[in-house]
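Asks: quick one, what's the 3D model for this:
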Amino acid sequence: MGYLIAALSGILMSLQGILNTEVTKQTSVWVSAAWVQVTALAVSVIAWKVTGGGSFLAIKDVAPRYMLLGGVIGAFITITVIVSMGSVGPAQATMFIVVAQVIFSWLVELAGLFGVEKTSFSWSKAVGMVLAIAGMLIFKWQSN
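Replies: Reported below is the predicted structural model:
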């Protein structure tokens with residue numbers, strides 16, 4: 001089930017990037033990014049109320065405090081996805097984004113950063129990373 005949800009997440013992120021890029025063409029990157037954040041807030045508040053998601057005041061107890069930067073990072077994600085998709089197109093941007101996510105996530109696991117359980121180095125994962133990068137480069141080369 002986790003893999004199906006991850007696939008759905010990837011599809012939704014790609015679709016969101018495409019839609020946001022088109023909104024940006026008609027407005028601006030900042031209007032588009034703000035719209036994404038405002039509508040995300042609205043959906044989140046509705047879902048929170050409908051599901052009885054607990055006290056919002058619990059947020060004050062989150063530690064370490066840098067864990068609360070997700071929304072700030074989300075705004076930059078929105079902007080960078082819009083700009084990259086507008087520059088290189090949805091397929092290439094998504095390929096680069098996904099490969100960067102996988103590499104960064106693996107490095108976080110290897111170092112045990114941000115509360116993630118530390119894992120040991122694996123040559124098979126390293127080869128997988130190299131293959132992902134090679135696939136990305138082939139994809140880009142074939143696009144020119």
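
Asks: next, count neighbours for residue 97.
Replies: By other CB atoms under 10 Å, the residues close to residue 97 number 19. In this view, the C-beta of every residue, glycine as well, is placed from N, C-alpha and C.

Asks: distance of it from residue 11?
Replies: 13 Å (CB to CB, to the nearest Å).

Asks: can you check residue 1 too?
Replies: 16 Å.

Asks: more neighbours: which of those two?
Replies: residue 11 (10 against 5).

Asks: the more buried one: what secondary structure?
Replies: Three-state assignment for residue 11 (DSSP: H, G, I helix; E, B strand; the rest coil): helix.

Asks: buried ones in stretch 16-32, by neighbour count?
Replies: 16, 17, 18, 20, 21, 23, 24, 29, 32 (16 or more other CB atoms under 10 Å).

Asks: and the helices in this structure, which stretches?
Replies: Secondary structure of the chain (DSSP state H): helices at 2-26, 29-51, 70-88, 90-111, 123-143.

Asks: mean pLDDT added to these, as TSV?
Replies: Listed next are these as TSV, based on pLDDT from 0 to 100:
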stretch	mean pLDDT
helix 2-26	93
helix 29-51	95
helix 70-88	93
helix 90-111	94
helix 123-143	89
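
Asks: these two touch, right, residue 14 and residue 92?
Replies: No. Contact criterion CB atoms under 8 Å: residue 14 and residue 92 do not qualify, at 11.8 Å.

Asks: can you pull the contacts of residue 68?
Replies: When contacts are counted by CB atoms under 8 Å, 6 or more residues apart in numbering, residue 68 is found next to 59, 62.

Asks: pLDDT wise, what is it at?
Replies: With respect to pLDDT, residue 68 scores 94.

Asks: please tell me how far it sits from residue 47.
Replies: For residue 68, the distance to residue 47 - CB to CB - is 19 Å.

Asks: got it, and residue 27?
Replies: 26 Å.

Asks: what is the burial count for residue 49?
Replies: Using other CB under 10 Å, residue 49 is surrounded by 9 other residues.

Asks: which stretch among the helices of the chain comes nearest residue 60?
Replies: Closest of the helices of the chain to residue 60 is helix 70-88, at 15.3 Å (criterion: CB to CB).
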